[in-house]
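Engineer: got a predicted structure plus its sequence, pasted below:
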Amino acid sequence: MMELEIENLAVLGAGSMGHGIAEVAAIAGYDVFLRDVEEDLVREGYDQIEWSLNKLAEKDQIDEDAEQVLDRISTTVDLETAVADADLVIEAAPENLELKRQIFEAVDSATSDETILATNTSSLRVSDIATATERPEYCCGLHFFNPPVKMDLVEVVSGDQSSEAVVDSAYEFVNSMGKTPIRVRKDVPQFVVNNVLTPFMGEAAWMLDEEAATIEAIDAAMVFKRGYPMGPFELNDFGGLDIFAHTRDQWNDPVPASIRSRIESDDLGRKTGAGFYDYDGGGGASYGPRQGDGVETTRIEARMINEAAKLVGDDVADPSDIDVAMRLGGGLPEGTCRTGDKLGLDVVLDTLERLYERTGADRYEPADYLVKLVDDGHTGESAGAGFYDYRDGGPYHYISHEVTDDGVLQVLFDREERLNAFSTDMFDEVQRLLETSNTDEVSCVVFEGAGDRAFSAGADITGFTTAEPTELMHIDEAIQAIYEYPRPTIAKIDGFCLGAGLEITLACDIRVATTGSTLGSPEIDLGLIPGGGGTQRLVRLLGEPRTKELVFRGMKISAEQAADWGILNRAVPEAEFEATIDDIVSDLVDGPQTALEVAKHVINEGQNGSLETGLALESQGFGLLTTTDDMLEGVAAFNQDRAPEFGDE
Ligand SMILES: C/C=C/C(=O)SCCNC(=O)CCNC(=O)[C@H](O)C(C)(C)COP(=O)(O)OP(=O)(O)OC[C@H]1O[C@@H](n2cnc3c(N)ncnc32)[C@H](O)[C@@H]1OP(=O)(O)O
């Protein structure tokens, strides 16, 4: 079977997931039929889409008017009308196996033989739904996260009988909408994100049952010591304790008493006003940075890492896909496999074995794959291998890069979910890339941020409570590596460029931003000062009054003002941005490489000493360049009235 073309879409179910999926697809240019069983439900879903599109348009986050996008969405209550011309049908009905099977059966007979049938189920097996059709090979799972407009991740799930071509087509469809698909190669219950995230909440509750720590202490430890965006109890309250228990019950997994008892008293979390925390009178989740001392956080993380190991060992997903999924779908600061490699897989295994021995509970039984990694000595980063191989430095998780044919090293800060905020790992990756790049092959470097919202919103604030001060002080080394890189560097700024983002920019040789961009040093609002060279580079660039005001007041300024002050080479309208960068790049690529390197060195070093020292440096550099072939070529080109063609020297 060849990959299938997808143009028309039908979404069945106009609830929060269904209308969200329809909206995302329409924004991406697809014609969509949105269908629900009653007029009111369809109307409500459509109104929600309209409201959301208007918000996105107000914030300039879509390229068209809301009306233009809405024109691509039709609504109906009639199933046959909805699916008749669809190349892809996405079912987003309530999580009820019988209901979903009925829908699939009906859709099967109302569509062409080549229509792909996808379910957005989060907790049922795709295969159990697909067998309601005559052609399970055309069925797969497309698990979007809530709300689909905001959440980038989609798990693309193979059912037992799904054809590769169908899954590939669904994967490409997700890509075409600008979302991030990950492959879930086997139809395991709960797929990847929910599988790995469930022990985060579950193990915390088992610890509470054992009185190993309080609710507040566990939440505080996971947030302030381990950098998770929410504590496990807070998260469980957010999602609903009944939802947590329902999924566990569905697969006959035990539910901790602390959850079961709250469900019995109808304390289901935020939605009922109380769960682990009291939201009506008690003000909700409340814990402080110092409350988490002494909590055994490894116990919670070991269980998550064990689930990840089962998925890798059973060939359900790759470590890199699991890690992307946990960052984008679970909101985690780093992927769970990466966390395991940093903690040490031997430590993880010891923790599980100890708990398994003490309780005999299946949930602690170590995954075969984890045991094998440890037996093979692959205990993580410090051993050179774990889930990942670190012997050549290891994979890049937070940046992507390529060297173009003309030698431009393009570096993308690739952490869009946090506005490209820099974790310590991310700084290390930039430094490693620059230190290991072959400068003979690079003519210049262009740094930019993923997405259209930020170059970088600074250092990762959530990492400030989890990292050691010495680790954070290393930020400066990565930024200095940019400053000292022997080839010209360009900061291509579109959106927020704050804190460490601005400091990276200041370490670059040339800085261009779109006019809508915002630059600033807001560290003071965190009780900090710029720690990546910001105070020193700014004062040399702007003088004392402007630097002090910018830093003391944590000011954010427009790109126009930054250009006016001399922080930027220029601020240009969005429409001229790419062409402006291309012009600069092409001059640097075609320029004499040795002269450019010497110019950078002389300017960088010269300004740090006296004028005499600077002049001496310049003079040496000038003298050296008069001996190069590039100079001979430059002079010959001048005499012959043609453009020079410089070589490598
Ligand atoms: C030595 C160097 C030190 C430093 O660099 S210190 C850090 C300096 N930077 C800052 O203080 C800026 C912090 N960020 C912000 O103030 C805001 O963001 C913005 C004004 C840039 C944008 O606000 P909005 O449009 O409302 O977006 P959003 O929902 O706040 O951000 C989207 C997601 O990105 C995460 N995020 C943004 N900046 C950082 C950061 N610096 N560290 C960690 N996470 C960050 C958020 O939390 C959120 O994530 P979720 O969607 O999961 O809630």
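Structural biologist: That came through fine. These numbers were taken from a predicted model, which means no experiment stands behind them.

Engineer: from here on, contacts and neighbour counts on C-alpha atoms
Structural biologist: Noted.

Engineer: and the closest residue to the ligand within the stretch 101-250 of the chain, how far is that from L88?
Structural biologist: In the stretch 101-250 of the chain, the residue that lies nearest the ligand is P229 (6.9 Å; Cα to the nearest ligand atom). P229 sits 35 Å away from L88, going by Cα to Cα, to the nearest Å.

Engineer: between the two, which one's more packed in?
Structural biologist: L88 (27 against 15; other Cα atoms under 10 Å).

Engineer: count of neighbours near V408?
Structural biologist: 21.

Engineer: how about the residue nearest to it when sequence neighbours are not counted, phi and psi?
Structural biologist: Closest residue to V408 in three dimensions, ignoring its sequence neighbours and counting by Cα to Cα, 6 or more residues apart in numbering: C444, at 5.2 Å. Per-residue torsions, C444: phi -160, psi 170 (degrees, to the nearest 10).

Engineer: cool, and the one 5 residues further on?
Structural biologist: Note on G449: its backbone torsions stand at phi -100, psi 150 [degrees, to the nearest 10].

Engineer: ok, S74 next?
Structural biologist: Torsion angles, degrees, to the nearest 10, at S74: phi -110, psi 150.

Engineer: can you give me the neighbour number for it?
Structural biologist: 16.

Engineer: beta partners for it?
Structural biologist: S74 has these beta-bridge partners by DSSP bridges: F33.

Engineer: if I look at it, how far off is F144?
Structural biologist: 21 Å.

Engineer: check F173 too.
Structural biologist: Distance from F173 to F144, by Cα to Cα: 13 Å.

Engineer: more neighbours, these two?
Structural biologist: F144 (27 against 19).

Engineer: give me phi/psi at the closest residue in space to the more buried one that isn't next to it in sequence?
Structural biologist: Leaving aside its sequence neighbours, F144 sits nearest to V154 (Cα to Cα, 6+ apart; 4.7 Å). Main-chain dihedrals, V154, degrees, to the nearest 10: phi -140, psi 130.

Engineer: surely V154 meets V174?
Structural biologist: Yes. Look at V154 against V174 with Cα atoms under 8 Å: they come within range, at 7.2 Å.

Engineer: mutual contacts of the two, please.
Structural biologist: By Cα atoms under 8 Å, 6 or more residues apart in numbering, V154 and V174 have these common neighbours: T180, P181.

Engineer: and this protein, which of its residues are near the ligand?
Structural biologist: 331, 417-419, 421, 457-462, 496, 498-500, 522-523, 530-532 (Cα under 6 Å from any ligand atom).

Engineer: how about the secondary structure of the residue of the stretch 101-250 of the chain closest to the ligand?
Structural biologist: coil (DSSP: H, G, I helix; E, B strand; the rest coil).

Engineer: ok, for it, nearest residue in space, not its chain neighbours?
Structural biologist: V223 (6.0 Å).

Engineer: please apply the same query to E38.
Structural biologist: V77 (6.0 Å).

Engineer: can you tell me the helix or strand for D160?
Structural biologist: Under the criterion DSSP states H and E, no helix or strand holds D160.

Engineer: now L142
Structural biologist: Per DSSP H and E: strand 139-144 holds L142.

Engineer: now stretch 213-226: mean pLDDT?
Structural biologist: In this model, stretch 213-226 carries a mean pLDDT of 97.

Engineer: return the distance of it from the chain's centre.
Structural biologist: Computed by Cα atoms, centre = their mean, to the nearest Å, the separation of stretch 213-226 from the middle of its chain amounts to 24 Å.

Engineer: and the strands in the stretch 201-350 of the chain, which stretches?
Structural biologist: With DSSP state E, counting those that start in this stretch, there are no strands along the stretch 201-350 of the chain.

Engineer: can you give me the helices in it?
Structural biologist: 215-220, 232-239, 241-250, 257-264, 297-313, 319-328, 336-343, 345-359 (DSSP state H, counting those that start in this stretch).

Engineer: pull out the buried residues from the third one.
Structural biologist: The neighbour-count criterion (16 or more other Cα atoms under 10 Å) identifies L241, D242, F244, A245, T247, R248 as the buried residues of helix 241-250.

Engineer: how near is the nearest residue to the first one once chain neighbours are set aside to the ligand?
Structural biologist: Of all residues not flanking L241 in the chain, L268 sits nearest, at 5.0 Å (Cα to Cα, 6+ apart). Distance, L268 to the ligand, by Cα to the nearest ligand atom, to the nearest Å: 23 Å.

Engineer: distance check, L268 against E203.
Structural biologist: Taking Cα to Cα, one finds L268 at 18 Å from E203.

Engineer: more neighbours: which of the two?
Structural biologist: Just comparing L268 and E203: by other Cα under 10 Å the higher neighbour count belongs to L268, 25 against 22.

Engineer: on the three-state scheme, the residue nearest to G606 when sequence neighbours are not counted is what?
Structural biologist: In this structure, G606 finds its nearest non-sequential neighbour in G614, 3.9 Å apart by Cα to Cα, 6+ apart. Assigned with three-state DSSP, G614 falls in the helix class.

Engineer: pLDDT score assigned to G614?
Structural biologist: At G614, pLDDT is 94.

Engineer: one more: the one 4 residues further on?
Structural biologist: In the prediction, the pLDDT value recorded for E618 is 96.

Engineer: for it, give me its contacts.
Structural biologist: V602, G606.

Engineer: assumed it was part of a helix.
Structural biologist: Yes. E618: assigned to a helix according to three-state DSSP.

Engineer: tell me how far it lies from D509.
Structural biologist: With Cα to Cα as the criterion, E618 and D509 are 18 Å apart.

Engineer: just the C-alphas of stretch 442-450, formatted as CSV.
Structural biologist: C-alpha atoms of stretch 442-450 as CSV (Å, rounded to 0.1, in the frame of the first residue of the first chain):
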residue,chain,number,x,y,z
VAL,A,442,32.2,26.6,8.6
SER,A,443,32.1,30.1,7.2
CYS,A,444,29.6,31.6,9.7
VAL,A,445,27.1,30.6,12.3
VAL,A,446,23.4,31.7,12.5
PHE,A,447,21.6,31.2,15.8
GLU,A,448,17.8,31.3,15.9
GLY,A,449,15.0,30.1,18.1
ALA,A,450,12.4,27.4,17.2
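
Engineer: ok, and what's touching that stretch?
Structural biologist: Contacts for stretch 442-450 (Cα under 8 Å, 6+ apart): 403, 406-416, 420, 455-456, 487-494, 585, 588-589, 593.

Engineer: which stretches of the protein have low pLDDT?
Structural biologist: Applying pLDDT under 70 to the chain flags residues 1-3, 648-649.

Engineer: kindly list the longest helix within it.
Structural biologist: helix 39-58 (DSSP state H).

Engineer: ok so, going back, which residues touch the residue of the stretch 101-250 of the chain closest to the ligand?
Structural biologist: Applying Cα under 8 Å, 6+ apart, the residues contacting P229 are V223, G331, L332, P333, T462.

Engineer: one more: M151?
Structural biologist: Here M151 is in contact with F144, F145, L328, G329 (criterion: Cα under 8 Å, 6+ apart).

Engineer: if we only consider these, which is nearest to E574?
Structural biologist: L328 (27.5 Å; Cα to Cα).

Engineer: wait, the closest one sits on R415?
Structural biologist: No. Using Cα under 8 Å, L328 is not in contact with R415; the gap is 9.3 Å.

Engineer: still on that earlier bit, do you know how far the residue nearest to F144 is from C140?
Structural biologist: 12 Å.

Engineer: the more surrounded of the two?
Structural biologist: Using other Cα under 10 Å, the more surrounded residue of V154 and C140 is C140, with 30 against 24.
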